[in-house]
Every structure is written in structure tokens, then in C-alpha cells.
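Student: Okay, predicted coordinates and the sequence, questions at the end:
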Amino acid sequence: MVKMDEIQRRLLLEVSDLHDVPQGAYNLRANGKSVGRSNSANIEITSKEDGSGIDIRIKPGTKNESVHIPVVMSESGLKETVYNDFYIGEGADVVIVAGCGIDNCGTHDSEHDGVHRFFVGENAKVKYVEKHYGSGDGKGQRILNPVTEVTMEAGSSMEMEMVQIKGVDSTSRTTRANLKADASLVVRERLMTHGTQYAYSEYEVCLDGENASADVVSRGVARDKSYQKLDLRIVGNAACQGHTECDSIIMDEGRILAVPSLEANDVNAALVHEAAIGKIAGDQLIKLMTLGLTEKEAEEQIINGFLK
């Protein structure tokens, strides 16, 4: 991997499954600097004039291409805010892989705040994957505060996979979306917290066009003394379909608060929320333990399956 040390390569693998330079368009960022970039015939990545981030422009009709823009940080005390704008042309069908990994072995906090804005053209289709990961044995915290803003034109669709693997001490995750007619948004969030970690997720989805739809599902596991809060808000401004769900496991002294909010401003808006929070069922543990697993091994197997 160009200009990356062993720790940075490990972080890159955790957040983007990359062992080497990816195919297609990419921008690799390490310790506040771009360390590699490539464009394709249909995807162009350019730096913002003020140096605060990048613009990614995907031509109309682009099919079966991907963009990788992961960030890794291995320098204690580094703090940055990056603004990345994605312009997805009409009828495109692409995969975008982001994410950030922080390894902090020092005494100062390390923080990455990424603001990603998506402008999805008519009938375009996007799959977006964002993974967060923290490691390191230093006293300094690993802090990630992602903001995702989505504007979806008529007939477009977007699938978002938002994952916090482990090791992030504090995170505030904000996602806002506005959907026009026949647009569709699917979000799958998975969070793991432990120790005294804190995770706050806020979603606000406005269904502005007729037959727009959204399905936002968050799954979380809070271990030790960690805390998670989830705000899920869907606003139906037309004949539309909206669904939110919180499905979480608490362990030890962990705490989870789910705050649903459904606002129907049209008589034909159909909005639903579901929630389930609790400990692992005892019969699940017993069943696995009869197969020879210890209680801890059984718990880990259940959690791994739950967060897939």
C-alpha cells in the first residue's frame, strides 16, 4: 500500500476490507493527508479549493463501478473535519465505500469528523458502506462524529450500511435525508459499545414525494457500562411508506435509549416503528452450551450473528 505503515494498513483492512490499492476510483487518506488517488473514465475525484475535503462526480449512466474513500489515523492528538460531496448522475448504479479507523496509543484524543453529502440523480442506485473502528492502548480517546446528508431525486434508491465495529470511545452520528417521488432509502445500522463508551445516533428522513419509502433499522449491543441513544424520526409529507426499528441487546450494566418519532402530514402516509431492547434470552445460551460452548463463547456467537 502506497505511503502507509503496518498499523495504517491494518486499519484500512478493518474499515474497507482492502488488502491493496482498490480497483477503480479511490482516495486514501492517512493522518490528515491524501496518500493515494485515482479516477476512472466515469468517476472523477477532485480536492476542494479550500482543502477541506473532496468532490466525487459520477457520470450519468455509470454502471458496476465503485469508489473507495477510507480514512485512517494513527497519530495521537490529531483532529480533523472533512467535507466530501458526492454527485451521482442520473441512472448510475455504483458502490461507495467509506469509513474511518483510528489507532490511538498516546495520551491525547484523536478525532475525525466527516461530513458526507450525497446528491442522488433521478433513477440512480447507490450502495453506501461506512465502517468505524478504533484500537490502541493509549489513554487518549478515539472519537468519530459522522454526518450524512442525502438528497434523493425521483425514482432513485440508496442502501446504506452503517457499522461501528468496536473501539470507538465517543461517537455522534447524524443522518438526514430528503426523498422525492418514488425514491427509496434503506438503512442498516449496527453498533457495538463496551467499557464506558458512548454512541448517539440521530436519523431524520423526510418523505416529500408520492410513493417515497424508507426503512431504517438499527441493531446495537451495549456491554459493560456503555450507553447508546437512538433518535429515529420519519416525516411523511405525501402518500408514502416509512418504517423504523430498534433491535438491541444490553449486557452487564449497559444502557440503551430509543426515541422514535413519526410525523404524518398526509392522510395517506403510512408510518410504523418497532422496538425491542433486552438481554440475551437464557434459552438461547442453554441451547448453545449443550453443544459444548462455554457461556461466554455462546454469548459471543449470539452477538456475532445478531450484528451480521
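Tutor: Noted; the coordinates are in hand.

Student: For the spatially most central residue of the chain, name its beta-bridge partners.
Tutor: By Cα atoms, centre = their mean, the chain has its centre lying nearest to residue 162, at 2.4 Å. Beta bridges link residue 162 to residue 130, residue 189, judged by DSSP bridges.

Student: Run a quick check on it versus residue 190, I expect a contact.
Tutor: Yes: if you go by Cβ atoms under 8 Å, residue 162 and residue 190 touch, sitting 7.3 Å apart. The way it works is simple: take the backbone N, C-alpha and C, and place the C-beta from them, glycine included.

Student: returning to that earlier point: how far away is the residue nearest to the centre of the chain from residue 199?
Tutor: Distance of residue 162 to residue 199, given as Cβ to Cβ, to the nearest Å: 11 Å.

Student: Could you tell me which residues touch both of these two?
Tutor: residue 173 (Cβ atoms under 8 Å, 6 or more residues apart in numbering).

Student: Which parts of the stretch 151-300 of the chain are strands?
Tutor: Using DSSP state E, counting those that start in this stretch, the strands assigned to the stretch 151-300 of the chain run over residues 157-164, 170-179, 184-193, 198-207, 213-222, 227-236, 240-250, 255-264, 269-278.

Student: will you turn the ones you listed into CSV that also has mean pLDDT and distance to residue 126?
Tutor: Formatted as CSV, those follow (pLDDT from 0 to 100; distance: least, Cβ to Cβ, whole Å):
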stretch, mean pLDDT, distance to residue 126
strand 157-164, 96, 5
strand 170-179, 97, 12
strand 184-193, 96, 10
strand 198-207, 97, 15
strand 213-222, 96, 14
strand 227-236, 97, 20
strand 240-250, 96, 19
strand 255-264, 96, 25
strand 269-278, 96, 24
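
Student: For residue 108, which of those is the nearest?
Tutor: Closest approach to residue 108 among those is made by strand 170-179 (14.2 Å; Cβ to Cβ).

Student: Work out the sheet partners of that closest one and label each with its direction, please.
Tutor: Strand 170-179 has its sheet partners listed here by DSSP bridges as strand 142-144 (parallel), strand 147-152 (parallel), strand 198-207 (parallel).

Student: closest one to residue 119 among these?
Tutor: strand 147-152 (5.2 Å).

Student: Of all the residues in the closest one, which ones are buried?
Tutor: Using 16 or more other Cβ atoms under 10 Å as the test for burial, strand 147-152 gives 147, 148, 150, 151, 152.

Student: What is the neighbour count of the nearest residue to residue 16 once chain neighbours are set aside?
Tutor: Counting by Cβ to Cβ, 6 or more residues apart in numbering, residue 70 is the residue found nearest to residue 16 once chain neighbours are left out, at 4.3 Å. Neighbours of residue 70 under the rule other Cβ atoms under 10 Å: 25.
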